[in-house]
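S.K.: sequence below, structure please.
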Amino acid sequence: MQQQIALEEAHLPNRRLQRLAFPLLQTATQQCGDKVKPKLGVQLHTEDDYPSSQQQAAREAFGSLEGIRIKDAIVGGPAEGKLLPGDRLLQINGEQVAQSSQSAALQLRKAMSDDLTVTLEVEQEGAETAVRLDAVELCDYAVILNRRDAINAFADGESIIINEGLMRFAQADEELALIIAHELAHNVIDHRADKIRGGLIGGLFDIAISLSGNVISPGIGVGLGANLFSQEYEVEADTLAIRLMHQQGYAVESLPGFWRKMASVHPSSIHHGKQASHPTTVERYLIMKKEVERLTQPETDTQESK
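M.R.: Predicted coordinates:
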């Protein structure tokens, strides 16, 4: 029962993360160049995706896991309301579905590369039915939930990794969406690790945290000159993130205040020298506020009245 509760509780923040990331990945397609793929907003799973010691708990948490099952249909995606958690995926465009969730996902991606419209045969509430879906193009960056408590987020050029601790800190959806947009901006602008990149909050608070071997942690082996470049990257990412949020329809006026909120929790980020990899929260607030004002001020007719 405890394992069941743990699986259910782990699923909730991931659902929130994907729900907020999906529309931002769609909005940013013009900036992503050829890094764009068709998506349905569907997550698949099967019993074999869980360790043998957790499979019974997984069945209690998600229902039957025989075959390939729909784990989630992301809110706002093409599959919302058409595919339901627990549906069994049987066929993709008339072809029998693969037996592993990873292979099934690849099969689905191949089908969408041929035609954005796909027909899925599913077992839904005890009856077989055909579901026709029109895929939408998204920036092809996986958004990954990391279970660490550290208040941090990373982008490595291929993925966006958000720590669960940061999700708890960013309680309002627009705050978490801003963080996703910021890391997405790093990938879009191509601020890769070979350009000395680091974590959003980790560098801001001068915390040296490394998620994995292929992600560079801020403050590790980084010299003064590199950090000056990193500060420029952060400003670029902040600015593009505000623009993406504005395009998505968020009320952006309150977003710069998120950096004030961070400064109140970590006062050391208010003042630091040029050796830090990120600008101070004061600098970031002012830069973001200026961009918000530029985006939200009403257009004026500059033509002289006759």
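S.K.: mind listing what the nearest residue to residue 237 once chain neighbours are set aside touches?
M.R.: With sequence-adjacent residues excluded and distances taken as Cβ to Cβ, 6 or more residues apart in numbering, residue 237 is closest to residue 185, at 4.0 Å. Every residue, glycine included, has its C-beta placed from N, CA and C. Contact partners of residue 185, counting by Cβ atoms under 8 Å, 6 or more residues apart in numbering, are 236, 237, 238, 239, 240, 241, 244.
S.K.: for residue 115, see how far away the third one is.
M.R.: Same thing as residue 238. 38 Å (Cβ to Cβ, to the nearest Å).
S.K.: looking at these two, which is more packed in?
M.R.: residue 238 (26 against 12; other Cβ atoms under 10 Å).
S.K.: does residue 294 sit in a helix, a strand or a coil?
M.R.: Using DSSP: H, G, I helix; E, B strand; the rest coil, the structure places residue 294 in helix.
S.K.: which pLDDT does the model give it?
M.R.: We have a pLDDT of 91 for residue 294.
S.K.: residues near the residue lying closest to residue 134 once chain neighbours are set aside, how many?
M.R.: The shortest distance from residue 134 to any residue other than its chain neighbours is 5.2 Å, reached at residue 117 (Cβ to Cβ, 6+ apart). Residues contacting residue 117 under the criterion other Cβ under 10 Å number 14.
S.K.: shouldn't residue 117 be in contact with residue 133?
M.R.: Yes. Between residue 117 and residue 133 there is a contact under Cβ atoms under 8 Å: 7.2 Å.
S.K.: wait, isn't residue 174 in contact with residue 254?
M.R.: Yes. In this structure, residue 174 is within contact of residue 254 by Cβ under 8 Å, at 7.3 Å.
S.K.: and the two? Which one has more around it.
M.R.: Using other Cβ under 10 Å as the criterion, residue 174 and residue 254 rank with residue 174 on top: 17 against 13.
S.K.: please report phi then psi for that one.
M.R.: Phi and psi for residue 174, reported as degrees, to the nearest 10, are phi -70, psi -30.
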